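> Sequence and predicted structure are below.
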Amino acid sequence: MTKLSVNINKIALLRNSRGSNNPNVIETAKSIERFGAEGITVHPRPDERHIRYDDVRKLKNSITTELNIEGNPKEEKFIQLVLEVCPTQVTLVPDVANQLTSNHGWDTITNQIYLKEIVQLFKQAGIRVSIFVDPVVDMIVAANDTGTDRVELYTEAYAYQYYTDKAKAIQPYLLAAYKAQALGLELNAGHDLNLKNLQYFSQQIPFLQEVSIGHALICDALWLGLENAVQLYKRQLNNKYE
């Protein structure tokens, strides 16, 4: 069964807009767990414009499901935080400073030596490692050579093309996914997955381990309520209705 990890960056962004503690990020994360999510994802950035480094520390001691920390390991502060907190999983994302949101995966060929070193560093600390990649077979093969446990497929292209030709949209993801499976890599996915496109993606790739969803789920929660939104996303993953 594919696990749902909810990215709570947008909850922190809303809190930070007023300078108080409303909504409470930690209590929201605990509620999301109670509503059925199997994990909490955070992506702290150097300017702490949404999730703060101290939020991550508090989350580690507050939640009972998996904690997934995303970020660019070329930021020394990020490495220190991950090693201090020791989350269940760290997802390596090649964001640059001040980037609004993730928009590409790693070139695992060009960055092979560096990624091997950082993957080994985190694995020695007992942390599962996932590398954020585009759905390109060569990048999957090179990611496997780093020793990573998982890859996370960057799904924006799929989400964009889904409405015009979903069979065509899923094709590169199928090739990448089956290559990962053949190599023994576990598979995650994330970015712009939503209630309209998630079920088809999970049906086509039934061995998907985890999806990380934040923006769309939080937007849906404005209309549906947070508990209902979490449950609807889980149903999409469980293929319970068309």
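That came through fine.

> I'd like the next helix or strand past the lengthiest helix in the chain.
The longest helix of the chain (DSSP state H) is helix 166-183. Helices and strands here follow DSSP states H and E; after helix 166-183, the next one along the chain is strand 186-190.

> Tell me the strands beside that following strand, with direction?
On the basis of DSSP bridges, the sheet neighbours of strand 186-190 come out as strand 150-154 (parallel), strand 210-213 (parallel).

> follow-up on the earlier one: and the longest helix of the chain, average pLDDT?
Mean pLDDT, helix 166-183: 98.

> Distance from it to the middle of the chain?
18 Å (CA atoms, centre = their mean, to the nearest Å).

> now for that helix, which elements pack on it?
On a contact count with 3 or more CB pairs under 8 Å, 6 or more residues apart in numbering; DSSP states H and E, helix 166-183 meets helix 137-145, strand 150-154, helix 156-161, strand 186-190, helix 198-204. All C-beta spots, glycine's among them, are computed from the backbone N, C-alpha and C.

> Could you name the stretch from the ones you listed that's closest to Pro23?
strand 186-190 (22.4 Å; CB to CB).

> Lys10 versus the nearest residue in space to Lys196 that is not next to it in sequence, what's the distance?
Nearest non-adjacent residue to Lys196, counting by CB to CB, 6 or more residues apart in numbering: Tyr162, 7.4 Å away. The gap separating Tyr162 from Lys10 is 22 Å, by CB to CB, to the nearest Å.

> who's more crowded, the two?
Tyr162 (22 against 18; other CB atoms under 10 Å).

> The more buried one contacts Leu198, doesn't it?
No - with contacts counted by CB atoms under 8 Å, Tyr162 stays clear of Leu198, the gap being 9.9 Å.

> all strands for this protein, in order.
3-7, 39-42, 66-71, 89-92, 128-133, 150-154, 186-190, 210-213 (DSSP state E).
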